[in-house]
Every structure is written in structure tokens, then in C-alpha cells.
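model the following, please.
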Amino acid sequence: MPLSQRRLGYRLATAGLLFIGLLTLFPHPSETARVAATPIGCLVCGDLGGVDVFLNILLFLPLGIGLGLAGFSWRRAILLAGLLSFGIELLQMKVVAGRDASLSDLITNTTGGGLGAILGVYWRRLVYPPPVPARLLALFCAVSLTGIWAGTAWAFGPTWPVGAPWYGQWAPDLGGSFKPFLGRVLAVEAGGEPLLPGRAIDEERLEDAVAANPSMAFRAVLGPQPTRLAPVGAIYDDWQRQVVLLGQERQDLTFHVRMRATLLRLWNPMVNLRDGMDGQPGDTVEAAGMLRAGVYELSSRIGGRVRTRTLPLSASWGWSLVTPWDSVLGEEVHSLTALWIIGLVALLAYWSVLAGGATLAIVPATAAVLFAAVPYAAGFPPAHWSEWVAALVGTGFGAIAGIAALRKSRSQVDRDEA
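Numbers count the residues shown, from 1 in each chain. Okay, the predicted model is just below:
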């Protein structure tokens, strides 16, 4: 093993270890009560348990890659990752206030370290594979991307809680990550039906109306801007499961509809209308949000100023389901989606070029599935033009890297023969 690779591995492992410490060993005393209510033996914990599982695996990945590059076997790396995770969980239980220790963290952290070690040990087989393994890697990548896109499309389908009555709420003070609306609500509608505070008068009719027309609208008098999301109108069921919400986040209007992502305990992204609530205290605002035919539509009117935003649903938003931050589909959604697509398609194109021959057709075929077939099957609008451009850019990057890898491999063969 080259000394330079070993040094790189130790540096990466050290950086990964420091990163793990920064994210896991700082106390959060305000979370003590919530942590005490979480069973230590849970595997997918809390409303965002799926996100935690993904991020915990990702957290230990750099450490595992570094150990693999440094010469550790993947078995030793898994053992070290498991011992490290166990030590962290023990500290979180006994020493660090407000940190959530669980069996899930131990398992997922160890898994992340093991996956990283496998990548570090066998990186040459992934970066410079012969044609046949490269073909298998390209096929695996294409199938995985199709699964990610199809799963994302399914996760963005609306779903409604059953088994408990729904309650309409005006400017509810929900606590937690919410702030109270500081203005005065004049009227709220949901699904085109008037929404009264407390239990809905005609509950069945309201549920049918919201299911057929996922929307909410309100008329309110603005107060001081809240520092976090403040619901103006909302529907929750008796088990505190959110159905639909329309509110104010600083100067923005925010709309939220319950989707199948909640069943997987992933983020259920919100949509923002920039400056949709940007008025002075005492101004009257009329605002609405809806999800119609696969398109988010938000609007607000303050005096003579009208703001609107339309955002078609996309199966390419898989990144938004697992972000480490609150998932809000703001104005940057297309830029982040483009980066996501470029990275994934570049990997597919890289292995396709190394495989050569008919395998090159995998890239355009997969793009057609991701950006045409999946949206059509899900009932979504056509993919945004930026997604096609990002796929083209990713293909170019991957092809250039693949050609460079082929030239390097051939040069090495020529030197060996000489």
C-alpha cells in the first residue's frame, strides 16, 4: 500500500472522528425531556426516524473510508466503529445532557463505518474496474437511481390520517418548533370549505373536501413577524398528526400538506412563497396554498400587492427527504436538485464509459426513465428543464472522468509491458 494513501487514510479518519465528536458530544439541555421519553431500544425513533437512520450511516462513512485507506481490514474497521459508537452512546446516556442515545444509533453508526471501510479497502475496484465489473456497476447504479426516483414520487403523494377526528385550528400555539401567530385571524378555509376553530361541524364533508382539494386559505391582520414558523390555519387530528397547514415564517408564506414521506419517517417538505407575508402590523393579508394536479400554488395579497408562486412536483427531489436541516422547498430548490442530479448521473456515466460498448446506452435510457417515465407514471407535470440540463452536465463530467481513467489504465498496461 502506498505511503501517501496510508497518510490520506489516517487524515480522513481523524477528520471524521473530529466531525463525529462535534455532532454528537455537545450538550442540548433543552432536549432533556424529549430524550427521556425516547426508548433506548427503539430502531427508527421519532417522527423523523428515517432521516436519523440515513444521517447516522452517513456520519460514520468518512471514518470508515479513512480506516480502509489506512490499511485496516473492513472487519477491524467495523469493530472500531462499533466500539466508538458504543462509547458515544454511553456518554450521551450518562454525561452529555440532552443527547438521544439509542440502539438505532449504535447499529446505524456501525453500519456506516463498515460501508465506508469497504469503500476504502476496495476503492480501486470501484474507480478502475475492468469492463465486465464496470458494466455490472453501471447496471446497479441505473437500477438504484430508478428506485430512488420511483420512491421519491411515491413519497410525494398526499396521504390523510385515519382513525381519529380532525380539528380545525386558527392560529394554534403548538409549541416545539412553532411560534404563535402574532396577528388576528379573520377567516380560514380548507378544501374550499369554511374552517371553524375546534372540531369541524361537518367532519366527513371536510375530510372529503380536503382529500379532493388539498388547500387552505385565510384572511388575517398581520402582527409582528414571528422568528419561526407560525401557523395561521391548520388541521390536526386527535393524535396530533398534521393534515394541512398554512402559516407565516418571518416574511414568507409557508404551505404544508401531509404526504406519504411521513409514513417512512422522512421529511415532509414545506413550500415557501418569498415575501408572501411581508407587510406592516395592521395590514390585512389574504393568502392561499394548494396542491392541484401535481403543482403547488401559493398566493398572497396585501393591499394592492399580489405575489404568487407555482412549483410543480418533481421525482428528482429525493434529497429534500433526508436533509440535515428543516426541509423547505424555497427558491433554491432547482439549484440543489441540479447538484443532486449531476453527482448521481456523473457516477452512472463514469462506469458506463469504463464498460464501453452497448453499456453506453444505459445513460440516455436511464435519463428517459427518470425524467419522463417516472413523472408520467406518478401523475406529475413534466420534469423541469433544469433537470435535463443537469443530467447532460453530469453525463459530460462522468464521461470525461471515465475517459481519463481509461487512458491512465492503458498507460499503466503499456508501462508494465515495457
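
okay, CA-based contacts and neighbour counts for the rest of this
Will do.

mind checking how far residue 272 is from residue 212?
22 Å (CA to CA, to the nearest Å).

so for these two, which residue has more residues nearby?
residue 272 (25 against 12; other CA atoms under 10 Å).

could you list the residues in contact with whichever strand or helix holds that one?
According to DSSP states H and E, residue 272 maps onto strand 270-273. With CA atoms under 8 Å, 6 or more residues apart in numbering as the test, strand 270-273 has contacts from 252-257, 296, 298-299, 307-309, 327-330.

rerun at 7 Å
252-256, 298, 309, 327-330 (CA atoms under 7 Å, 6 or more residues apart in numbering).

which of those residues sits closest to residue 128?
Checking those against residue 128 by CA to CA gives residue 327 as the nearest, at 36.4 Å.

quick one: residues contacting that closest one.
267, 269-270, 320.

next secondary structure after the strand holding residue 272?
strand 284-292.

mind exporting the C-alpha coordinates of that next one to CSV?
Taking Å, rounded to 0.1, in the frame of the first residue of the first chain, the C-alpha atoms of strand 284-292 are listed here in CSV:
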residue,chain,number,x,y,z
THR,A,284,-54.8,42.7,6.1
VAL,A,285,-53.5,39.7,4.1
GLU,A,286,-55.4,37.2,2.0
ALA,A,287,-53.3,34.1,1.4
ALA,A,288,-53.8,30.7,-0.1
GLY,A,289,-51.9,27.5,-0.7
MET,A,290,-53.0,24.4,-2.6
LEU,A,291,-51.7,21.2,-4.3
ARG,A,292,-53.5,20.8,-7.6
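
list the contacts of the residue lying closest to residue 158 once chain neighbours are set aside.
Spatial nearest neighbour of residue 158, chain neighbours left out: residue 259 (4.1 Å); criterion: CA to CA, 6 or more residues apart in numbering. By CA under 7 Å, 6+ apart, the contact set of residue 259 is 155-159, 268.

now the helices for the stretch 101-250 of the chain?
103-121, 123-127, 131-155, 203-212 (DSSP state H, counting those that start in this stretch).

so what's the residue count around the closest residue in space to residue 281 that isn't next to it in sequence?
Once flanking residues are discounted, residue 281 sits nearest to residue 223: 4.3 Å by CA to CA, 6+ apart. Residue 223 sits with 16 neighbouring residues when counted by other CA under 10 Å.

what about residue 223, distance to residue 233?
15 Å.

what does stretch 9-29 contact?
For stretch 9-29, the surrounding residues in contact (CA under 7 Å, 6+ apart) are 59, 62-63, 66-67, 69-70, 96-99.

what average pLDDT does it get?
In this model, stretch 9-29 has an average pLDDT of 91.

measure stretch 325-342 end to end?
Start-to-end, stretch 325-342 (CA to CA) is 21 Å.

returning to that earlier point: which one of the contacts of strand 270-273 sits closest to residue 349?
Lowest distance from residue 349 to those (CA to CA) belongs to residue 329, with 28.3 Å.

got the phi/psi numbers for the residue nearest to residue 158?
The phi/psi pair for residue 259 (degrees, to the nearest 10) reads phi -130, psi 170.

quick one, grab the pLDDT at it.
So, for residue 259, pLDDT stands at 96.

and the strands in the chain?
166-170, 184-190, 193-194, 198-199, 215-221, 229-237, 242-249, 252-257, 270-273, 284-292, 295-302, 305-312, 328-329 (DSSP state E).

which stretch among those strands comes nearest residue 147?
It's strand 305-312; of the strands of the chain, that one is closest to residue 147 (CA to CA) at 20.7 Å.

just the CA atoms of the closest one, as PDB, please.
This file holds the C-alpha atoms of strand 305-312, laid out as PDB (Å, rounded to 0.1, in the frame of the first residue of the first chain):
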ATOM      1  CA  ARG A 305     -49.600  44.000  -3.900                       C
ATOM      2  CA  VAL A 306     -50.100  40.400  -5.100                       C
ATOM      3  CA  ARG A 307     -47.400  37.700  -5.000                       C
ATOM      4  CA  THR A 308     -47.800  34.200  -6.500                       C
ATOM      5  CA  ARG A 309     -45.700  31.100  -6.900                       C
ATOM      6  CA  THR A 310     -46.200  27.800  -8.800                       C
ATOM      7  CA  LEU A 311     -44.000  24.800  -8.100                       C
ATOM      8  CA  PRO A 312     -44.600  21.500 -10.000                       C
END
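
and the angle for that strand with strand 295-302?
Here strand 305-312 points in a direction 170 degrees away from that of strand 295-302 (axes from the mean of the first three to the mean of the last three CA atoms, to 10 degrees).

from the rest of the structure, what touches strand 305-312?
Contacts of strand 305-312 with the rest of the structure, by CA under 7 Å, 6+ apart, involve 273, 276, 294-301, 381.

quick one: buried ones out of these?
Among the contacts of strand 305-312, those classed as buried by 16 or more other CA atoms under 10 Å are 273, 276, 294, 296-301, 381.

tell me how this structure divides into domains.
The chain resolves into domains spanning 1-127, 129-156+317-418, 166-312 when parsed by automatic domain parsing.

report the distance from stretch 384-399 to the chain centre.
21 Å (CA atoms, centre = their mean, to the nearest Å).

quick one: mean pLDDT over it.
97.

buried ones in it?
Neighbour-count burial for stretch 384-399 [16+ other CA under 10 Å]: 387-388, 390-399.

quick check: longest helix of this protein.
Ranked by residue count, the top helix of the chain under DSSP state H comes out as helix 385-417.

how distant is that one from the center of its chain?
On CA atoms, centre = their mean, the centre of helix 385-417 falls 29 Å from that of its chain.

which helices and strands sit right next to that helix?
Applying 3 or more CA pairs under 7 Å, 6 or more residues apart in numbering; DSSP states H and E, we find helix 385-417 packed against helix 333-355.

repeat that with 10 Å
helix 333-355, helix 362-368 (3 or more CA pairs under 10 Å, 6 or more residues apart in numbering; DSSP states H and E).

report the angle between the axes of that helix and helix 333-355?
Here helix 385-417 runs at an angle of 30 degrees relative to helix 333-355 (the same axes, to 10 degrees).

where does the protein have low pLDDT?
Scanning the chain with the threshold set as pLDDT under 70 gives 30, 33-37, 198-203, 412-418.

any idea how far residue 376 is from residue 144?
19 Å.

sorry, wrong one. I was asking about residue 81.
26 Å.

if we can go back for a sec, got a winner among the contacts of residue 259 for most neighbours?
residue 156 (25 neighbours).
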